[in-house]
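# Let's see this in three dimensions:
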Amino acid sequence: MVIFASSKHSFILALKLEYQSTMIIGQKKLKAEVAKSAADNVLLLELLHRSYYDRLLYYAWTIIHDKETSRDIVQEAFTSYWNQKEYVSSNLVQVRNFLYVNIKNACLKHLRHDKVVDKYRKLQDPDPVEEACVLNKMIQAEVIGEIYAAIASLPEGCRKISKMGYLEGLKNQEIADQLGISINTVKTQKKRALELLRLKLNPETFLALTLLLQHFKNN
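Residues are numbered from 1 along each chain as shown. Predicted coordinates:
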């Protein structure tokens, strides 16, 4: 999945405006859940995995463009955190930063190992090692995580269709064929999902979603 390529600068601006408020609200909710789960290590790890996995996977993918390797790197990051949790602050911002830095380093190591740095640099602007670029990718990953979470909370009838259409970029006819339903049903469910997402998401995050949809429409 390659997204926002045609509207990169406006997208980054929107995400920067959204980032601070989204993180404050999200971290407060997650902090409350973590407090409830702190006594159960397995439950705590599951909570962190559920809260951060999608956005971390997207973040890794933006660097190496290999979904399977991205999955492995994200899983290894969680394992690394778990093995070192006694030495990592329990502050959720520090945990999140630990995971992002671990994944960034693993991705760059993977690129160097496979000798594809030159090819990668041709695809990226600016240089992937630059801090501004890393921050932008983190911001994108956080907002994508919010979109994933909002779609996951939709009613079952439109959740699967909206995921296939809005996140996987499938055309209406492709969705209809895969699910064995009419194209009109697909259109109706996608319209309903979009109306619900408009209510669930902050304006800037919803803007990011519309840019994603526009990209799929143009490609």
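# what's the host helix or strand of Lys104 packed up against?
According to DSSP states H and E, Lys104 maps onto helix 92-113. Applying 3 or more Cβ pairs under 8 Å, 6 or more residues apart in numbering; DSSP states H and E, one finds that helix 92-113 contacts helix 8-37, helix 41-64, helix 67-84, helix 131-152. C-beta: built from backbone N, CA, C; applies to glycine.
# And the pLDDT for the residue nearest to Gly145 when sequence neighbours are not counted?
Leaving aside its chain neighbours, Gly145 sits nearest to Arg55 (3.0 Å; criterion: Cβ to Cβ, 6 or more residues apart in numbering). For Arg55, the pLDDT comes out at 89.
# residues of stretch 60-67 that come out buried?
Ala60, Trp61, Thr62, Ile63, Ile64, His65, Asp66 (16 or more other Cβ atoms under 10 Å).
# Against Cys158, how distant is the fourth one?
In this case it means Ile63. As defined by Cβ to Cβ, to the nearest Å, Ile63 lies at a distance of 32 Å from Cys158.
# How about Thr188?
Taking Cβ to Cβ, one finds Thr188 at 9 Å from Cys158.
# and the nearest residue to Trp82 once chain neighbours are set aside, how many neighbours does it have?
In this structure, Trp82 finds its nearest non-sequential neighbour in Leu45, 6.1 Å apart by Cβ to Cβ, 6+ apart. Residues near Leu45, counting by other Cβ atoms under 10 Å, number 16.
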